[in-house]
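Peer 1: pasted the sequence and its predicted model underneath.
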Amino acid sequence: MARSGVHNPSFYENPPPIEISCTVDGGAVLIPVGLKASRPPFPYNARILSWSIMTDQVTNLTWDVWKANGAIPVLANSITAAAKPAVVGARFGSSSVLTGWTTLVAPGDIFAFNLDVNTAATWVTLILDIEVLG
């Protein structure tokens, strides 16, 4: 039986990064600090490549990212060291410089997202770009 379509082996050998995100909508009200979300267990061996933040207001905002294998993460499971994702007097920020981060991800790792600082945002998204490892 003939098959049609385009075969792109490089897509399967080098898949594009996966995004894990956390979006919080405060409904036009300042978003309070604290734990905002956790995600189901990650299924792959992977590596965090970068982060991006988008907000609806010019703000000072800082996230902390927690990760634990097979358990709900807590503050002690922070992976960001002193280089937390943040924007200062802006609506957008991003970085691929992850100095001090625990960037390796294992199957079963659960992520949680804690908003440490927010001075003005009523809507915010944090995105982690993650590369699946062979």
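Peer 2: Ah, there it is. Keep in mind that what you see is a predicted model, and the values were worked out from it rather than measured.
Peer 1: for the longest strand belonging to the chain, packing partners?
Peer 2: When the chain is parsed with DSSP state E, its longest strand is strand 46-69. Other elements packing on strand 46-69 under the criterion 3 or more CB pairs under 8 Å, 6 or more residues apart in numbering; DSSP states H and E are strand 86-95, strand 104-105, strand 109-118, strand 123-132. Every residue, glycine included, has its C-beta placed from N, CA and C.
Peer 1: got the ones you listed as CSV, with mean pLDDT, mean neighbour count and distance to residue 45 columns?
Peer 2: Output for those, formatted as CSV (pLDDT from 0 to 100; neighbours: other CB atoms under 10 Å; distance: least, CB to CB, whole Å):
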stretch, mean pLDDT, mean neighbour count, distance to residue 45
strand 86-95, 98, 14, 23
strand 104-105, 98, 19, 7
strand 109-118, 98, 20, 10
strand 123-132, 97, 19, 7
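Peer 1: by mean pLDDT, flag the weakest helix or strand of the protein.
Peer 2: Least confident helix or strand, the chain: helix 9-13 with a mean of 55, by mean pLDDT, DSSP states H and E.
Peer 1: following that one, which helix or strand comes up?
Peer 2: The helix or strand immediately downstream of helix 9-13 is strand 18-25, counting by DSSP states H and E.
Peer 1: partners of that following strand, with directions?
Peer 2: strand 123-132 (antiparallel) (DSSP bridges).
Peer 1: so the strand it pairs with versus strand 46-69, what angle?
Peer 2: Interaxial angle, strand 123-132 versus strand 46-69 (axes from the mean of the first three to the mean of the last three CA atoms, to 10 degrees): 110 degrees.
Peer 1: next one: strand 123-132 to chain centre, how far?
Peer 2: 3 Å (CA atoms, centre = their mean, to the nearest Å).
Peer 1: repeat for stretch 125-134
Peer 2: 7 Å.
Peer 1: export that stretch to PDB, keeping only CA atoms.
Peer 2: Taking C-alpha atoms only, stretch 125-134 is exported to PDB below (Å, rounded to 0.1, in the frame of the first residue of the first chain):
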ATOM      1  CA  THR A 125       2.200  34.100  31.800                       C
ATOM      2  CA  LEU A 126       5.500  32.300  32.600                       C
ATOM      3  CA  ILE A 127       6.900  30.000  29.900                       C
ATOM      4  CA  LEU A 128       9.700  27.500  30.200                       C
ATOM      5  CA  ASP A 129      11.200  26.200  27.000                       C
ATOM      6  CA  ILE A 130      12.300  22.600  27.500                       C
ATOM      7  CA  GLU A 131      14.400  20.400  25.200                       C
ATOM      8  CA  VAL A 132      13.600  16.700  25.200                       C
ATOM      9  CA  LEU A 133      16.800  14.700  25.400                       C
ATOM     10  CA  GLY A 134      17.300  11.500  23.300                       C
END
